[in-house]
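Participant: here is a sequence with its predicted model. Questions after.
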Amino acid sequence: MPETELDPVIHAPARLRVVATLATLPTGDELSFPKLQKLLDMTAGNLSTHLRKLEDAGYVTVTKTHEGRTPATYLTLTARGRGAFEDYTTALNSLLKGAAG
């Protein structure tokens, strides 16, 4: 992908918010689905749809487990997702510098 081309998987506003939020976590740390949903003020269905696209791209890992008898879902940004987000921010900065110059 050319340096100034924005990754279409990340570029969708909702997915950009998801990736940017998960990128603030230290590598390997997870965030629960309900916590991410609350942070981003998204419906469960909308968040699930965007997470599926990110997971299909290999950017996010979704781990489903149980805490006692209650289902729990945890999310983490993969190394590939971190790299894609870094590339995205580099491309965006490059585009902004070009537009300003």
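Facilitator: Done, it's in. Please read all numbers here as calculations on a predicted model, not as lab measurements.
Participant: name the element the residue lying closest to residue 40 once chain neighbours are set aside belongs to?
Facilitator: Closest residue to residue 40 apart from its sequence neighbours, by Cβ to Cβ, 6 or more residues apart in numbering: residue 17 at 5.4 Å. Every residue, glycine included, has its C-beta placed from N, CA and C. For residue 17, the host element (DSSP states H and E) is helix 13-23.
Participant: hmm, back to that, residues near the residue nearest to residue 40, how many?
Facilitator: For residue 17, the count of nearby residues is 17 (other Cβ atoms under 10 Å).
Participant: look at it and report its pLDDT.
Facilitator: Residue 17 is assigned a pLDDT of 98 by the prediction.
Participant: isn't it up against residue 36?
Facilitator: No - contact criterion Cβ atoms under 8 Å: residue 17 and residue 36 do not qualify, at 9.5 Å.
Participant: ok, residue 33 - contacts?
Facilitator: 44, 47, 72, 73, 74, 75 (Cβ atoms under 8 Å, 6 or more residues apart in numbering).
Participant: surely the first one and residue 50 touch.
Facilitator: Read that as residue 44. No - counting by Cβ under 8 Å, residue 50 is not a contact partner of residue 44; they are 11.2 Å apart.
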